[in-house]
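Enquirer: prediction below, plus the sequence it came from.
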Protein chains: 2
Amino acid sequence: MTDLDTLSVNTVRGLCMDAVQKAQSGHPGTPMGIAPVAYTLWQRFLRFDPQDPIWPNRDRFVLSEGHASTLLWSLLHLTGVRAVDPDYEVLGRPAVTLDDLKSFRQLGSRCPGHPEYRWTSGVEATTGPLGQGVADSVGMAMAGRWLAARYNREGFPLFDFDVYALAGDGCMMEGVASEAASLAGHQQLSNLCWIYDSNRVTIEGHTSLTFTEDVAARFLAYGWNVTTVADANDLDAVARAFHTFRAETERPTLVLVHSHIGYGSPVEDSPKAHGAPFGADGVRATKRFLGLREDEQFWIPEGVRDWFGQGIGARGAQLRTAWEKQFDAYRAAWPELADELERMQRRELPAGWDSKLPDFPADPKGLATRDSSAQVLNALAQSVPWLLGGSADLAPSTKTHLTFDGAGDFQPESPSGRNLHLGIREHAAAAVANGMALTKLRPYWSGFLIFSDYAKAAIRLSALMEIPVVHIFTHDSIGVGEDGPTHQPVEQLAGLRAMPGLLVFRPGDAGEVVETWRLVAGLRHEPAALVLSRQALPTLDRTRLAAASGVAHGAYVLADPPSGEPQVILLATGSEVSLALAARDELAADGIGARVVSMPCWELFDRQPREYRDQVLPPAVTARVGIEQASTFGWDRYVGDGGAVVGMHTYGASAPLKQLLTKFGFTPQRVAEVARELVESRQEART
Amino acid sequence: MTDLDTLSVNTVRGLCMDAVQKAQSGHPGTPMGIAPVAYTLWQRFLRFDPQDPIWPNRDRFVLSEGHASTLLWSLLHLTGVRAVDPDYEVLGRPAVTLDDLKSFRQLGSRCPGHPEYRWTSGVEATTGPLGQGVADSVGMAMAGRWLAARYNREGFPLFDFDVYALAGDGCMMEGVASEAASLAGHQQLSNLCWIYDSNRVTIEGHTSLTFTEDVAARFLAYGWNVTTVADANDLDAVARAFHTFRAETERPTLVLVHSHIGYGSPVEDSPKAHGAPFGADGVRATKRFLGLREDEQFWIPEGVRDWFGQGIGARGAQLRTAWEKQFDAYRAAWPELADELERMQRRELPAGWDSKLPDFPADPKGLATRDSSAQVLNALAQSVPWLLGGSADLAPSTKTHLTFDGAGDFQPESPSGRNLHLGIREHAAAAVANGMALTKLRPYWSGFLIFSDYAKAAIRLSALMEIPVVHIFTHDSIGVGEDGPTHQPVEQLAGLRAMPGLLVFRPGDAGEVVETWRLVAGLRHEPAALVLSRQALPTLDRTRLAAASGVAHGAYVLADPPSGEPQVILLATGSEVSLALAARDELAADGIGARVVSMPCWELFDRQPREYRDQVLPPAVTARVGIEQASTFGWDRYVGDGGAVVGMHTYGASAPLKQLLTKFGFTPQRVAEVARELVESRQEART
């Protein structure tokens, strides 16, 4: 340990304290305790070049205890990490200026309360909701394995990066982290290191109040390597732990570090250190203890920046430039693979990516949208080599298995496999997909729509991070049938639609499934949820109906009355699109002209110009019936004041689907009846 | 092991196979493998009287692997469990008839696809979504501890029941189960026994695909006792394991049972056994192997019913009648405690339960609704001794700690405590509350609204089970301020409102908080979500505004223009109610008359007669502005086609609240501007 080591650690601590104190808001305790560990990792181990924070083979550092954001902001500032623009160009300006640090938690600062991906470069994942960062890191480590397996060649170890995640007691308690740790152990991710910042203090008090398990033993049970650091301030011990991690070749490593929340402050080891500034006196006292200038704020001692430059800076630059040189030679030898990598890094697709998409001929019997999606996904995956994913143990039901030659299973002995077995762990499954997307792969994961509830927090993060994860949810309604209300989603669609930044697609037939995937494949900064049926749906005859390419507008006129203006509009999604068409025929027999609007993606429809929306849903036609086997919540926007919704008002029931359709009113007769009443009430009003 | 043991086990297996075969739907594999264990538990250990399946001191059996429902249906039928009506009267008729079994998974059968609480008596919890049942069981065991601590007296061990949960590989993988197991270990719940039905087969294949951790070691790390049964068919070994559990006094017990999915069938040990009928030939072959009549379906051999009657039936009846006799003496000695217990069992409140509710005088500065709720909760809890709960490590922030003398902490050494420390485990927290409510306590748990996402699946189950859990969510909007978008809920309100059977309250001031709790306290079969502010809200002057008792109608007219009909209606909830009042003043200055409607509970408003709803929102007044710091999704129902919503369309941002209010348009000026535009556009349209 050198003086500059100590000074650097304490400089970081000073910046963290000062930022929180100035903001009068934040979490100073955690950075104070764990700063020496983060410092040692960055300065001595992390293979990361501040000059190019998106270098593909960089080691990843995920701050899973995101409330300690000042720790990250300080390191990004002191190491001089450069900013990156939203399209992945590295810019000349710093990611975090001293002014940003000084405006911690103020509007527009690059130092918000918690790390936000795509807002501050150097942030590998948005964190704060506990357990998410560590779970993401498992996806990153799996992505690293996969990239190495696919792209590395003799003499060209393009990918060998490690993934570090710093986690606190909270992360260790969250179920999503347990799920992810179990999966990481199974996958033998020796490129993964979790640092458990065990300060034994949470908001309610000492962990002895509720968290007395033996965490090290638990991780050993998961198949991890566990090493302990008795004192976070012992930089040599910390370094030995990281060496232990690096030497491990078969297991992920947990570095269990005993630390002191609020180290050096008057509130050390107290819950008071967690979420409030130390106060001016507290900050001064702490600085005195640490040997910092008591009355100077945001003090960066002479030599500290240089020291970081000689450590992480020099090492990172050397590694990155060597890598780039290697990549130039690689490009010459394997131009196609290099092209893949370059496209992937820009979130672009290979040329001809949509050339193999299937056509589905009209077929009254049709097939389930989970089945048509399976065909489209398999076609796409053959053209987009870095499209990969799996299921939370439901692949035979969700039909997301890639079945073509060479797709293979992703396992420790076959890391180039593209089928992931994520286990009955929906929450980790979504988070792992997030981690893979953060590593620029195009991941999907699948489960039953009802179980999207288990993964909700991770799905939200995919939207907040603006990463193109594909969440595939089948068994999308009471169409589940006999499994009953525990397995029949009702309110899940509304919940997903209410989520900003998530595109929710519920295609109505195989044709719409193709168009949905075409749109989803092209997304660069938005996640999508695909909501698919268990039961067969007719493949519509597009020679007699509008083309499925209307999906791109979110909603489109599928069919109009043979003549005259429509008297009523039937709006439907998914399995109810065919039902609407059948109801239209019923109505036609009564001389009532009905338009059918298919609405596979409300979010896209809402983005259309008013002119288009009014074409699809003419304001003059107020007799409108929304039809969806889901909560009616949210439908009023489209059916309007005069409209009606045939939807679910209660939970479902266990019975064969046909019986349920009758019980809950999803029959052409019932829909036609509702529509007829609306039309007649208007005629009466006029006479 | 006697012949009747074997015959009984195989009779259960036969019924399970036949039910699935007849329904052509279901999960036969799990019951075949684990039937001997369930049989041994019920027949030899479970202290349960089929004649009174709601006897308060019964042992609880939770089928956490709910897809094995035929196992439970068979046992309920064979042991002759009686039906119970929705108001907890035991009826003469059986809970499950042979016809119910024969109509497994058909509409109206008492044997639905998964166990449904309150639909079939003998079902202790609705299960199917994996991990939930075991997590519920932790709440039940905690409730047992609490009941014993409060009500047992020297010579009157009223409560000493055990809680058993049967779980499969899926439950063991789910994070919610990990969280609950960690908590159970901390709480040293020696009255809790999880049976891990380890058949090592899941839907995608062998658990070796993804689940290779050492489960026994993991549970030892949680502080559990672990005992293993090498062969599920070895009834003596199974019995020894349950004796081991009973002998354990300091730890919960995991009985790890090695079993064979689809035991005895042609698909034994194959994923094919999981979710599809064996087929007629398969069923016949299995029956042959088991020594059952090959060509008879739903065969119940002579003597089997009697055998159950001599086992669980006789034991249960003896225990229950002895308990009732004991309770008669107890009632004489401690009439008040007995009265509590009797009310609790009927989900009623004590007399005078609302006598201590506070009044909040008008106060422009006011207080946060989390703070007023804290006062009301503490008052209520003093009158309702079995109202208890805790927080997912956020009590100092959610203010749900009971602070009165004697409230105490619930810990192994103080099981009468009423403050639970649930840890940073939101999902388990909600499930534990479910388990406590299933044991007839009145539990609440609290967290930040954003983290309701983590607990979504368990919240849903509280609604599906119709149990009066109170989910308390504070930090309910961008009002969170500096913590930023990871901590600012946006779409959570919409997601909860879309959930059938959940009452979502977002009170606008302390007065509404009191009325909210008054309603919530009286709920018997509905859960509620309380959505509360972090920041102070003015306490409204009810002498000048409508009384807060309007909360009972879900929405009510808070204020009208001093004279004339309103030209515009401002609809708001929570922190935006005061904002609406301020905007009303702005509009009045412009000569525009505005009505302010407070809408704390949409679900209750939707239940009002049309007449009332039209009084509050007169159809003629189409200029309406909804105001809520949340996703606008769902508001169209109330603002109508001509309305506008001042709400959130994106995620929030990290900044002090004042800056955020301006950024996102939550100022009186902005609201008034939107309202003014609506009024003016109508005036223009008329001229």
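Expert: That came through fine. No experiment lies behind these values; they were computed from the predicted model shown.
Enquirer: and for the residue in chain A that chain B sits nearest to, the neighbour number?
Expert: Residue nearest to chain B within chain A: residue A:175 (2.2 Å; Cβ to the nearest Cβ). In short, each C-beta sits where N, CA and C put it, glycine included. Using other Cβ atoms under 10 Å in any protein chain shown, the number of residues around residue A:175 comes to 29.
Enquirer: one more: residue A:25?
Expert: Neighbours of residue A:25 (other Cβ under 10 Å): 21.
Enquirer: isn't the residue of chain A closest to chain B right next to residue B:173, touching?
Expert: No: counting by Cβ atoms under 8 Å, residue A:175 sits too far from residue B:173 to count as a contact (10.3 Å).
Enquirer: where along the stretch 101-250 of chain A do the strands fall?
Expert: Taking DSSP state E, counting those that start in this stretch, the strands of the stretch 101-250 of chain A run over residues A:163-167, A:192-198, A:201-202, A:205-206, A:225-229.
Enquirer: near chain B, which residues of the stretch 1-150 of chain A?
Expert: A:23, A:25-26, A:66, A:105-109, A:112-114, A:116, A:126-130 (Cβ under 8 Å from any Cβ of the partner chain).
Enquirer: rerun that using 7 Å as the cut-off
Expert: Contact residues (Cβ under 7 Å from any Cβ of the partner chain) of the stretch 1-150 of chain A with chain B: A:23, A:25, A:66, A:105-107, A:112-114, A:126, A:128-130.
Enquirer: quick one: which of the residues you listed sit in helices?
Expert: residue A:23 (DSSP state H).
Enquirer: nearest to residue A:555 among the residues of the stretch 1-150 of chain A next to chain B?
Expert: residue A:126 (30.9 Å; Cβ to Cβ).
Enquirer: now that closest one: how far from residue A:549?
Expert: 34 Å (Cβ to Cβ, to the nearest Å).
Enquirer: those two: who's more crowded?
Expert: Set residue A:126 next to residue A:549 and count neighbours by other Cβ under 10 Å: residue A:126 wins out with 30 against 15.
Enquirer: got the domain boundaries for chain A?
Expert: Segmentation of chain A into domains, based on automatic domain parsing, reads A:3-321, A:363-538, A:552-686.
Enquirer: tell me the most buried of those domains?
Expert: domain A:363-538 (a mean of 24; mean count of other Cβ atoms under 10 Å in any protein chain shown).
Enquirer: now the end-to-end length of it.
Expert: End-to-end distance for domain A:363-538: 6 Å, by Cα to Cα, to the nearest Å.
Enquirer: for that domain, the distance to its chain's centre please.
Expert: 13 Å (Cα atoms, centre = their mean, to the nearest Å).
Enquirer: over to stretch A:606-623?
Expert: Using Cα atoms, centre = their mean, the offset of stretch A:606-623 from its chain centre is 33 Å.
Enquirer: do stretch A:179-199 as well
Expert: On Cα atoms, centre = their mean, the centre of stretch A:179-199 falls 19 Å from that of its chain.
Enquirer: please, where are all the helices along the stretch 151-300 of chain A?
Expert: A:169-173, A:175-186, A:215-222, A:235-247, A:279-290 (DSSP state H, counting those that start in this stretch).
Enquirer: and residue A:291, what does it touch?
Expert: With contacts defined as Cβ atoms under 7 Å, 6 or more residues apart in numbering or on different chains, residue A:291 is in contact with residue A:10.
Enquirer: distance of it from residue A:10?
Expert: Remark: distance between residue A:291 and residue A:10 (Cβ to Cβ) = 6 Å.
Enquirer: and the stretch 301-450 of chain A, which of its residues are near chain B?
Expert: Counting by Cβ under 7 Å from any Cβ, the residues of the stretch 301-450 of chain A near chain B are A:393-397, A:421-425, A:427.
Enquirer: follow-up on the earlier one: closest to residue A:324 out of the helices of the stretch 151-300 of chain A?
Expert: With Cβ to Cβ as the criterion, residue A:324 lies closest to helix A:235-247 of those, at 23.2 Å.
Enquirer: any idea of the mean pLDDT in that closest one?
Expert: Averaging pLDDT along helix A:235-247 yields 98.
Enquirer: and what of stretch A:72-81?
Expert: 98.
Enquirer: so how far is it off the chain centroid?
Expert: On Cα atoms, centre = their mean, the centre of stretch A:72-81 falls 25 Å from the chain's centre.
Enquirer: related to what we said a few turns ago, any chance of the strands of the stretch 101-250 of chain A in a markdown table, plus distance to chain B?
Expert: Below are these laid out as a markdown table (distance: least, Cβ to the nearest Cβ, whole Å):
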| stretch | distance to chain B |
| --- | --- |
| strand A:163-167 | 11 |
| strand A:192-198 | 14 |
| strand A:201-202 | 5 |
| strand A:205-206 | 8 |
| strand A:225-229 | 11 |
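Enquirer: give me the pLDDT value at residue A:189.
Expert: For residue A:189, the model assigns a pLDDT of 98.
Enquirer: ok, it - contacts?
Expert: By Cβ under 7 Å, 6+ apart, residue A:189 lies in contact with A:138, A:141-142, A:145, A:252.
Enquirer: can I get those residues in a markdown table including pLDDT?
Expert: Output for the contacts of residue A:189, formatted as a markdown table (pLDDT from 0 to 100):
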| residue | pLDDT |
| --- | --- |
| A:138 | 98 |
| A:141 | 98 |
| A:142 | 98 |
| A:145 | 98 |
| A:252 | 98 |
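Enquirer: what's the closest of those to residue A:300?
Expert: residue A:141 (33.4 Å).
Enquirer: dump the residue contacts of that closest one.
Expert: Each residue near residue A:141 by Cβ under 7 Å, 6+ apart is listed here: A:163, A:184, A:189, A:191-192.
Enquirer: same question, residue A:676
Expert: Per Cβ under 7 Å, 6+ apart, neighbours of residue A:676: A:587, A:590, A:592.
Enquirer: show me the residues you listed that map onto helices.
Expert: Among these, the subset assigned to helices under DSSP H consists of residue A:587.
Enquirer: could I get the contacts of residue A:676 as JSON lines with distance to chain B?
Expert: As requested, those are exported to JSON lines (distance: Cβ to the nearest Cβ, whole Å):
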{"residue": "A:587", "distance to chain B": "23"}
{"residue": "A:590", "distance to chain B": "27"}
{"residue": "A:592", "distance to chain B": "22"}
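Enquirer: and the contacts of residue A:676, which is the shakiest by pLDDT?
Expert: For those, the least confident entry is residue A:590, with 94.
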